[in-house]
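Student: Could you work out the structure for the sequence below:
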Amino acid sequence: MIIRPHYMKMLKTYRDVPLVKILAGVRRCGKSTILEMLRDDLKSSSIPEDHIIFERYTFEYIDKDMTDRGMHDAIKEKMTDGDRYYILLDEVQEISGWEKAVNSLLENANTDIYVTGSNSKLMSSEISTYLTGRYISIPVFTLSFAEYLDFKKSSDSSVKELLNEYIRTGGFPIVALGNFDDHSAYQIVEGIYTSVITNDISRRHNVTNIDLFNRVVKYVVENVGKSFSANAIVKFLKGEGRSLSVEAVYNYLEWLEKAFVIYRCQRYDLQGKSVLKTQEKFYLADASLKYCIMGFNPKSIASMLENIVYFELLRRGYEVYIGKLSTREIDFVAVQRDERVYVQVCRNLPEDSDREIGNLLDIKDHYPKYVVTLDELAGGNVNGIRIMHLSDFLLSDRL
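Tutor: Modelled structure (predicted):
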């Protein structure tokens, strides 16, 4: 088992804090394995094994008729004394009303509770009132490039070769652990995507026209990193002889977000200092989701570089926006407490650098500014703007 230090550090920070720790992210991004790492770490910290309760609630492990009461009683039965119990619950969203059981265990027993799930009902925007103010959300993403290198320690490939591989095949741990060619990697990711569509979306939301739903997904995938509206999707489908309401498109996008397939990036007006409600963009939980649906095309790398940078910023704890500065656009404005970082992303420097640097120079403050590129000539500083190769950006200790 390859340790993911970022998540272990966060879990140790909150150990024994009287909050439910909620780890949520797309299927197969490594949540269950992180929970297993936590169990091993607890054992190594001299926690008695019979005081670590690990329960899985995926389809193959649970009674389909289990209720929140049944969940609560089954866990309580294993608590035979008044000492502290560490309760680790995997994929709890499969149990309707799980929040009631967890809240009762938190309030009425000596417990430290950790849960994982693949649906955003586990996240702050949708959490039940049972846990209001009594939980901490820890988003889990597919592998960062630094984690990917840890997974590939036995490889003879150079960092550059591994970066190219990471761009093409993405960061799902199951793919990184193997030696798959692109085709095999995309087949694995397609299986993950199909599982999400089947278990987290179509079954949960009673989607009857899967073909139409998948066409909407394909439109979103084709337009990663571009602004579009629900009306644009409806118009596009009409051109293909298909009919779908704007409301249905909004629902589809919301369901994809709830299953952590796509992430919404809002636009921030740097002059008005306000978040705008229009012209937002969407990014995919992992670049490989695009290639498993549409195949790999070198011409699509530019938009997927943005995708990779966007998630790197999220992993580092930033709130990430698209920047609007009059008529100009800043790829990313990343905010963390009193800190701010501006990032422009481009594949090559010569044809793009003037525009990218010019946009950043128009921002009249002293926060760090970066142009991130795949160009081998990357490096140095232009009028206070740092030009960085993508690998250096992804592996930097701090921005």
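
Student: residue ranges with poor pLDDT in the chain?
Tutor: 59-61, 120-129, 350-353 (pLDDT under 70).

Student: Give me the most central residue, it.
Tutor: Central residue of the chain (CA atoms, centre = their mean): residue 141, 3.9 Å from the mean position.

Student: That one touches residue 29, doesn't it?
Tutor: Yes. Residue 141 lies in contact with residue 29 (CB atoms under 8 Å); the separation is 6.1 Å. Backbone N, C-alpha and C define where each C-beta goes, glycine included.

Student: per the record, what domains does the chain have?
Tutor: In terms of domains, the chain is parsed into 5-139, 145-395 (source: automatic domain parsing).

Student: So what's the residue count around the closest residue to residue 41 other than its chain neighbours?
Tutor: Leaving aside its sequence neighbours, residue 41 sits nearest to residue 8 (CB to CB, 6 or more residues apart in numbering; 6.5 Å). Neighbour count for residue 8, taken as other CB atoms under 10 Å: 15.

Student: And for the one 10 residues further on?
Tutor: Number of residues near residue 18 (other CB under 10 Å) recorded here: 11.

Student: quick one: the strands in the stretch 101-250 of the chain?
Tutor: Counting by DSSP state E, counting those that start in this stretch, the segments of the stretch 101-250 of the chain that form strands are 111-117, 135-139.

Student: Out of those, the one nearest residue 38 is which?
Tutor: For residue 38, the closest of the strands of the stretch 101-250 of the chain is strand 111-117, at 6.3 Å, according to CB to CB.

Student: Run through the neighbouring helices and strands of the closest one.
Tutor: With contacts taken as 3 or more CB pairs under 8 Å, 6 or more residues apart in numbering; DSSP states H and E, strand 111-117 sits against strand 20-24, helix 31-44, strand 85-90, helix 98-108.

Student: Among the ones you listed, show me which one is buried the most.
Tutor: strand 20-24 (a mean of 24; mean count of other CB atoms under 10 Å).

Student: tilt between that strand and strand 111-117?
Tutor: 20 degrees (axes from the mean of the first three to the mean of the last three CA atoms, to 10 degrees).

Student: For residue 391, grab the count of nearby residues.
Tutor: Using other CB under 10 Å, residue 391 is surrounded by 19 other residues.

Student: Give me the contacts around the strand or helix carrying it.
Tutor: Using DSSP states H and E, residue 391 maps to helix 390-395. The contact list for helix 390-395 (CB atoms under 8 Å, 6 or more residues apart in numbering) reads 144-146, 149, 159-160, 163, 305, 308-309, 312, 370, 372-374, 378, 399.

Student: Hmm, residue 35 and the residue nearest to residue 41 touching each other?
Tutor: No. If you go by CB under 8 Å, residue 8 and residue 35 don't touch, sitting 11.0 Å apart.

Student: contacting residues for the nearest residue to residue 226 once chain neighbours are set aside?
Tutor: Spatially, and ignoring its direct neighbours in sequence, residue 226 is nearest to residue 281 (6.6 Å; CB to CB, 6+ apart). Counting by CB under 8 Å, 6+ apart, residue 281 touches 224, 225, 226, 227, 264, 265, 267, 322.

Student: Mind checking which of those residues are buried?
Tutor: Buried members of the contacts of residue 281, counted by 16 or more other CB atoms under 10 Å: 224, 225, 265, 267, 322.

Student: Which member of the residues you listed is positioned nearest residue 290?
Tutor: Nearest member of the buried ones among the contacts of residue 281 to residue 290, counting by CB to CB, is residue 224, at 6.3 Å.

Student: Enumerate every residue touching the closest residue to that closest one other than its chain neighbours.
Tutor: Closest residue to residue 224 apart from its sequence neighbours, by CB to CB, 6+ apart: residue 303 at 5.1 Å. Residue 303 makes contact with 224, 225, 226 under the criterion CB under 8 Å, 6+ apart.

Student: again, but for residue 160
Tutor: residue 391 are the contacts of residue 160 under CB under 8 Å, 6+ apart.

Student: and it, how far is that from residue 154?
Tutor: As judged by CB to CB, to the nearest Å, residue 160 and residue 154 stand 18 Å apart.

Student: nearest residue to residue 10 other than its sequence neighbours?
Tutor: Excluding its sequence neighbours, the residue lying closest to residue 10 (CB to CB, 6+ apart) is residue 138, at 5.6 Å.

Student: I figured that neighbour hits residue 23, correct?
Tutor: Yes. Between residue 138 and residue 23 there is a contact at 4.9 Å, judged by CB under 8 Å.

Student: Pull up the overlap in contacts between these two.
Tutor: Shared contacts of residue 138 and residue 23, counting by CB under 8 Å, 6+ apart, come down to residue 7.
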